[in-house]
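# compute the structure for the input listed below.
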Amino acid sequence: MSSTWIFDLDNTLHDAQSRIFPIVNNKMNQYISSNFKISIKEASILREQYWNKYGATLQGLIENFNIDPIDFLKKTHTINNFKEHVIPMPCLKETLSLIKGRKIIYTNAPRNYTNQVMKICKIEEYFDEIFTIEDSNFRPKPNEDSMSLFLKKYNINKAYFVDDVKENLKTAKQFGLSTIWLTNKKDEFQYIDKKIFRLSDLF
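Residues are numbered from 1 along each chain as shown. Predicted structure coming up:
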(Lines give C-alpha, C1' and ligand atoms only; values in the text may rest on other atoms or scores of the structure.)
Protein backbone atom coordinates (compact mmCIF):
# COMPACT_ATOMS: atom_id res chain seq x y z
CA MET A 1 0.00 0.00 0.00
CA SER A 2 1.37 3.42 -0.94
CA SER A 3 1.96 6.05 1.72
CA THR A 4 0.07 9.26 2.39
CA TRP A 5 2.11 12.46 2.48
CA ILE A 6 0.78 15.65 4.08
CA PHE A 7 2.38 18.99 3.31
CA ASP A 8 2.01 22.42 4.81
CA LEU A 9 1.99 25.23 2.23
CA ASP A 10 3.65 28.45 3.43
CA ASN A 11 7.38 28.13 4.06
CA THR A 12 7.18 24.45 3.16
CA LEU A 13 6.30 24.36 -0.54
CA HIS A 14 7.18 28.01 -1.17
CA ASP A 15 9.15 30.70 0.63
CA ALA A 16 6.42 32.89 2.10
CA GLN A 17 8.69 34.52 4.67
CA SER A 18 10.67 36.60 2.19
CA ARG A 19 7.90 38.48 0.38
CA ILE A 20 4.34 37.31 1.00
CA PHE A 21 4.26 37.19 4.80
CA PRO A 22 5.41 40.82 5.23
CA ILE A 23 2.58 41.90 2.90
CA VAL A 24 -0.04 39.75 4.66
CA ASN A 25 1.16 40.79 8.11
CA ASN A 26 0.94 44.45 7.12
CA LYS A 27 -2.60 43.94 5.82
CA MET A 28 -3.54 42.19 9.08
CA ASN A 29 -2.11 45.07 11.09
CA GLN A 30 -4.14 47.53 9.04
CA TYR A 31 -7.30 45.46 9.42
CA ILE A 32 -6.92 45.18 13.20
CA SER A 33 -5.98 48.83 13.57
CA SER A 34 -8.95 50.02 11.50
CA ASN A 35 -11.53 47.72 13.08
CA PHE A 36 -10.52 48.15 16.70
CA LYS A 37 -9.30 51.76 16.57
CA ILE A 38 -5.79 51.08 17.81
CA SER A 39 -2.37 52.05 16.46
CA ILE A 40 -0.51 49.97 13.89
CA LYS A 41 2.09 49.14 16.56
CA GLU A 42 -0.59 47.90 18.95
CA ALA A 43 -2.22 45.95 16.13
CA SER A 44 1.09 44.26 15.30
CA ILE A 45 1.58 43.21 18.92
CA LEU A 46 -1.95 41.79 19.08
CA ARG A 47 -1.48 39.95 15.78
CA GLU A 48 1.67 38.25 17.05
CA GLN A 49 0.11 37.41 20.40
CA TYR A 50 -2.80 35.66 18.72
CA TRP A 51 -0.52 33.84 16.29
CA ASN A 52 1.60 32.51 19.17
CA LYS A 53 -1.43 31.52 21.25
CA TYR A 54 -3.76 30.08 18.64
CA GLY A 55 -1.56 29.18 15.68
CA ALA A 56 -3.24 31.83 13.53
CA THR A 57 -4.19 35.46 14.11
CA LEU A 58 -7.64 34.76 12.68
CA GLN A 59 -8.53 32.31 15.45
CA GLY A 60 -7.75 34.90 18.12
CA LEU A 61 -9.86 37.52 16.40
CA ILE A 62 -12.79 35.13 16.07
CA GLU A 63 -12.68 34.02 19.69
CA ASN A 64 -12.14 37.45 21.18
CA PHE A 65 -14.01 39.74 18.78
CA ASN A 66 -16.25 37.43 16.71
CA ILE A 67 -15.04 38.91 13.43
CA ASP A 68 -16.21 37.69 10.03
CA PRO A 69 -13.47 35.26 8.94
CA ILE A 70 -14.35 35.43 5.25
CA ASP A 71 -14.06 39.22 5.21
CA PHE A 72 -10.78 39.08 7.13
CA LEU A 73 -9.21 36.52 4.81
CA LYS A 74 -10.30 38.34 1.68
CA LYS A 75 -8.87 41.66 2.86
CA THR A 76 -5.59 40.24 4.17
CA HIS A 77 -4.77 37.64 1.51
CA THR A 78 -5.65 39.56 -1.68
CA ILE A 79 -2.25 40.55 -3.03
CA ASN A 80 -1.47 42.70 -6.06
CA ASN A 81 1.03 41.25 -8.52
CA PHE A 82 0.78 37.95 -6.66
CA LYS A 83 3.04 36.09 -9.07
CA GLU A 84 5.98 38.39 -8.34
CA HIS A 85 5.97 37.42 -4.67
CA VAL A 86 5.74 33.62 -4.87
CA ILE A 87 9.09 31.83 -4.55
CA PRO A 88 8.84 28.04 -5.01
CA MET A 89 11.17 25.96 -2.87
CA PRO A 90 14.26 24.73 -4.75
CA CYS A 91 13.69 21.49 -6.69
CA LEU A 92 10.02 21.61 -5.68
CA LYS A 93 8.50 19.79 -8.64
CA GLU A 94 11.37 17.34 -8.83
CA THR A 95 10.96 16.44 -5.16
CA LEU A 96 7.19 16.04 -5.38
CA SER A 97 7.52 13.86 -8.47
CA LEU A 98 9.67 11.40 -6.51
CA ILE A 99 7.02 10.87 -3.84
CA LYS A 100 4.80 7.89 -4.52
CA GLY A 101 1.38 7.79 -2.92
CA ARG A 102 -1.38 10.19 -1.98
CA LYS A 103 -0.31 13.81 -1.40
CA ILE A 104 -2.44 16.31 0.49
CA ILE A 105 -1.93 19.97 1.38
CA TYR A 106 -3.03 20.90 4.91
CA THR A 107 -2.73 24.65 5.40
CA ASN A 108 -4.00 27.49 7.57
CA ALA A 109 -4.16 29.65 4.46
CA PRO A 110 -7.46 30.38 2.63
CA ARG A 111 -8.43 28.41 -0.46
CA ASN A 112 -8.15 31.15 -3.08
CA TYR A 113 -4.66 32.06 -1.87
CA THR A 114 -3.64 28.40 -1.80
CA ASN A 115 -4.91 27.80 -5.32
CA GLN A 116 -3.00 30.81 -6.61
CA VAL A 117 0.26 29.70 -4.98
CA MET A 118 -0.10 26.19 -6.38
CA LYS A 119 -0.84 27.50 -9.86
CA ILE A 120 2.14 29.85 -9.84
CA CYS A 121 4.41 27.06 -8.54
CA LYS A 122 2.93 24.73 -11.20
CA ILE A 123 2.34 21.92 -8.69
CA GLU A 124 -1.43 21.40 -8.98
CA GLU A 125 -1.02 18.03 -10.69
CA TYR A 126 1.02 16.60 -7.82
CA PHE A 127 -1.67 16.86 -5.15
CA ASP A 128 -4.77 14.77 -4.66
CA GLU A 129 -6.49 16.94 -2.06
CA ILE A 130 -6.30 20.42 -0.52
CA PHE A 131 -7.47 21.17 3.03
CA THR A 132 -7.57 24.90 3.81
CA ILE A 133 -8.69 27.03 6.74
CA GLU A 134 -12.25 27.05 5.38
CA ASP A 135 -12.34 23.25 5.52
CA SER A 136 -11.40 23.29 9.20
CA ASN A 137 -14.27 25.65 10.05
CA PHE A 138 -11.61 28.33 10.57
CA ARG A 139 -9.82 26.36 13.29
CA PRO A 140 -6.12 26.41 12.44
CA LYS A 141 -3.28 24.02 13.07
CA PRO A 142 -2.12 23.11 15.70
CA ASN A 143 -5.71 22.85 17.00
CA GLU A 144 -6.53 19.22 17.83
CA ASP A 145 -10.10 19.52 16.55
CA SER A 146 -8.76 20.73 13.21
CA MET A 147 -6.35 17.82 13.02
CA SER A 148 -9.06 15.31 13.93
CA LEU A 149 -11.41 16.73 11.28
CA PHE A 150 -8.66 16.62 8.66
CA LEU A 151 -7.68 13.02 9.38
CA LYS A 152 -11.27 11.80 9.41
CA LYS A 153 -12.13 13.58 6.16
CA TYR A 154 -9.41 11.74 4.26
CA ASN A 155 -9.50 8.52 6.31
CA ILE A 156 -5.86 8.85 7.37
CA ASN A 157 -4.41 6.51 9.95
CA LYS A 158 -0.75 6.70 9.05
CA ALA A 159 1.08 9.35 7.07
CA TYR A 160 4.18 11.48 6.76
CA PHE A 161 3.57 15.12 7.70
CA VAL A 162 5.97 17.85 6.52
CA ASP A 163 5.68 21.30 8.13
CA ASP A 164 7.94 24.19 9.11
CA VAL A 165 6.05 24.88 12.37
CA LYS A 166 7.00 22.47 15.15
CA GLU A 167 3.79 23.03 17.11
CA ASN A 168 1.79 21.68 14.17
CA LEU A 169 3.97 18.59 14.14
CA LYS A 170 3.53 18.11 17.88
CA THR A 171 -0.22 17.78 17.38
CA ALA A 172 0.32 15.51 14.38
CA LYS A 173 2.51 13.22 16.48
CA GLN A 174 -0.25 12.95 19.09
CA PHE A 175 -2.42 11.49 16.33
CA GLY A 176 0.23 8.95 15.34
CA LEU A 177 1.67 10.62 12.25
CA SER A 178 5.33 10.53 11.25
CA THR A 179 6.66 14.08 11.59
CA ILE A 180 9.19 15.84 9.38
CA TRP A 181 10.33 19.32 10.42
CA LEU A 182 11.59 21.64 7.66
CA THR A 183 13.89 23.97 9.57
CA ASN A 184 17.39 25.36 10.01
CA LYS A 185 17.09 25.32 13.80
CA LYS A 186 19.31 23.10 15.92
CA ASP A 187 16.65 22.20 18.48
CA GLU A 188 15.64 18.60 19.00
CA PHE A 189 12.20 17.42 20.15
CA GLN A 190 10.94 13.91 20.84
CA TYR A 191 7.87 14.43 18.68
CA ILE A 192 10.00 15.20 15.62
CA ASP A 193 10.94 12.06 13.69
CA LYS A 194 13.11 13.74 11.09
CA LYS A 195 14.56 17.18 10.43
CA ILE A 196 15.37 18.51 6.97
CA PHE A 197 17.03 21.76 5.95
CA ARG A 198 15.57 21.80 2.43
CA LEU A 199 12.49 20.14 1.02
CA SER A 200 14.71 18.24 -1.40
CA ASP A 201 16.38 16.63 1.63
CA LEU A 202 13.40 14.28 1.79
CA PHE A 203 15.43 12.13 -0.64
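# strands of this protein, residue ranges please.
Along the chain, counting by DSSP state E, strands occupy 4-7, 102-106, 129-131, 160-163, 178-182, 194-196.
# and the second one, what does it pack onto?
Using 3 or more C-beta pairs under 8 Å, 6 or more residues apart in numbering; DSSP states H and E as the contact definition, the elements that strand 102-106 packs against are strand 4-7, strand 129-131. The C-beta positions use only the backbone N, C-alpha and C, and glycine is treated the same way.
# buried residues in stretch 139-151?
Residues of stretch 139-151 classed as buried: Arg139, Pro140, Lys141, Pro142, Asn143, Ser146, Met147, Phe150, Leu151 (neighbour count, 16 or more other C-beta atoms under 10 Å).
# find the residue closest to the second one in space, skipping its chain neighbours.
I take that to be Pro140. Of all residues not flanking Pro140 in the chain, Ala56 sits nearest, at 3.6 Å (C-beta to C-beta, 6 or more residues apart in numbering).
# next: the third one.
Using C-beta to C-beta, 6+ apart and skipping the chain neighbours, the partner closest in space to Lys141 is Asn168 (4.2 Å).
# report the contact partners of that neighbour.
Asp8, Gly55, Lys141, Pro142, Phe161 (C-beta atoms under 8 Å, 6 or more residues apart in numbering).
# isn't the last one up against Lys170?
Think Phe161. No - look at Phe161 against Lys170 with C-beta atoms under 8 Å: they stay out of range, at 10.8 Å.
# more neighbours: these two, which one.
Taking neighbours as other C-beta atoms under 10 Å, Phe161 and Lys170 compare with Phe161 leading, 26 against 15.
# okay, and the beta partners of that one?
Ile6, Thr179 (DSSP bridges).
# got the domain boundaries for this structure?
4-15+87-202, 20-82 (automatic domain parsing).
# gap between the residue most central in space within the chain and Lys122?
For the chain, the residue nearest the mean C-alpha position is Thr107 (3.6 Å; C-alpha atoms, centre = their mean). According to C-beta to C-beta, to the nearest Å, Thr107 and Lys122 sit 18 Å apart.
# now do Phe65
Counting by C-beta to C-beta, the gap from Phe65 to Lys122 is 38 Å.
# also Thr132?
From Thr132 to Lys122 the distance is 19 Å (C-beta to C-beta).
# more crowded one of those two?
Set side by side, Thr132 and Lys122 show more neighbours around Thr132, with 20 against 11, by other C-beta under 10 Å.
# ok, and the closest non-adjacent residue to that one?
Arg111 (4.3 Å).
# confirm for me that the one you found is in contact with Phe138.
No - taking contacts as C-beta under 8 Å, Arg111 lies outside contact range of Phe138: 11.9 Å.
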